[in-house]
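> After the sequence you'll find the predicted model.
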Amino acid sequence: MALNCPRCGGDKNRVEHQGKEDGQVIWTVHYCTACCFTWRDTEPALSIDSTKRRKVFQIDPSHPERFGVVIPPVAR
Ligand SMILES: [Zn+2]
């Protein structure tokens, strides 16, 4: 089953790690290779469900020039 990234909606994801207990997988960490978002499948829907996330946190990785500046450049 294809898994879509909660932030960009892409399907270029890989499993980074799985937490196991008694041999059973109880959580999985995914990484999106398109936008570098990482999430655990047990996080709240507000964080990992694209229909419930605030739209301000969604990105389109095909247009990086539209990304907001999250860390100000260092003054030189
Ligand atoms: Zn993504």
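Done, it's in.
> what residue is smack in the middle of the chain?
Geometric centre of the chain, nearest residue: F37, 3.2 Å, by Cα atoms, centre = their mean.
> Now do the phi/psi pair for that one.
Backbone torsions of F37, given as degrees, to the nearest 10, read phi -80, psi 140.
> pLDDT score for it?
Looking at F37, its pLDDT reads 93.
> The nearest residue to it once chain neighbours are set aside and the ion: what is the separation?
Once flanking residues are discounted, F37 sits nearest to R7: 4.1 Å by Cβ to Cβ, 6 or more residues apart in numbering. Every C-beta, even on glycine, is put in place using the N, C-alpha and C of the backbone. Distance from R7 to the ion, counting by Cβ to the ion, to the nearest Å: 5 Å.
> show me the contacts for R7.
32, 35, 37, 50, 53, 57-59 (Cβ atoms under 8 Å, 6 or more residues apart in numbering).
> Ok, D49 next?
P6.
> And it, how far from the ion?
14 Å.
> circling back to that earlier point, can you read off the backbone torsions of the residue nearest to F37?
Per degrees, to the nearest 10, the backbone of R7 is at phi -90, psi -40.
> circling back to that earlier point, who wins on neighbours among the contacts of R7?
C32 (22 neighbours; other Cβ atoms under 10 Å).
> I'd assumed C5 was in contact with that residue.
Yes. Assessed by Cβ atoms under 8 Å, C32 is found in contact with C5 at 3.9 Å.
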